[in-house]
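Visitor: just to be clear, the model below is a prediction. Sequence and coordinates:
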Amino acid sequence: VQLQASGGGLVQAGGSLRLSCAASGNIASIKVMGWYRQAPGEQRELVATITSGGSPTYADSMKGRFTISRDNAKNTISLQMDSLKPEDTAVYYCAVRRWGSFSGMDYWGKGTQVTVSS
C-alpha cells in the first residue's frame, strides 16, 4: 500500500486546513485509515482514525476541532482541521491498518507539515 498525503501548510491560529491522503496498491487489504502527527522533540501521536465502515476515533485534544472522513470509492481520507492552535504544529502522517492486524498501523505515508502561527 502506498500513501500520498497533501494539504499541509502555514496558517494563523484560529484558522483551518484540510489534509488529504490517497491510498494506492492493495486497497482491499485496508481496514483502518488515519492520521498521526509528530511535533519536534515529541513522540508520534494519534490524531484520528476511521474504519472502512466510517466509524471515527479521535484523540481527546482533537475532538470538536478535527473531522476525519473517508471515501472508499476514491480510496482517500481527509482531515478537516478547524480552530487550529500553535500546538497543532507538527508533521502529519497518513497511515493504514490492514485487515488481520489488531493494533498499530502497517503502512505510513510521508508526512506533510502543518505550521500554525500565533
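Guide: Here it is on my side, so go on. The shown structure was predicted, so the numbers you read here are calculated from the model rather than taken from an experiment. Numbering: from 1, shown residues only.

Visitor: alpha carbons only for contacts and neighbour counts from here, please
Guide: Fine.

Visitor: with residue 65 as the reference, measure out to residue 15.
Guide: Separation of residue 15 from residue 65 (C-alpha to C-alpha, to the nearest Å): 11 Å.

Visitor: intersection of neighbour lists for these two?
Guide: When contacts are counted by C-alpha atoms under 8 Å, 6 or more residues apart in numbering, residue 15 and residue 65 have 82, 83, 84 as shared neighbours.

Visitor: burial check on the second one, number of neighbours?
Guide: Pointing back at residue 83 there. Counted by other C-alpha atoms under 10 Å, the residues lying close to residue 83 total 15.

Visitor: which regions of this protein lie under the pLDDT threshold?
Guide: For the chain, no stretch is flagged by pLDDT under 70.

Visitor: 90 instead?
Guide: Residue ranges of the chain with pLDDT under 90: 26-29, 100-103.

Visitor: please, where are all the strands along this structure?
Guide: Per DSSP state E, the chain carries strands over the ranges 2-6, 9-12, 17-24, 30-38, 45-51, 56-58, 66-71, 76-81, 90-98, 107-108, 112-117.

Visitor: now the fourth one, how far from the centre of its chain.
Guide: Read it as strand 30-38. 5 Å (C-alpha atoms, centre = their mean, to the nearest Å).

Visitor: kindly report the same for the first one.
Guide: In terms of C-alpha atoms, centre = their mean, the gap separating the centre of strand 2-6 from the centre of its chain is 10 Å.

Visitor: the fifth one now?
Guide: Taking C-alpha atoms, centre = their mean, one finds the center of strand 45-51 at 6 Å from the center of the full chain.
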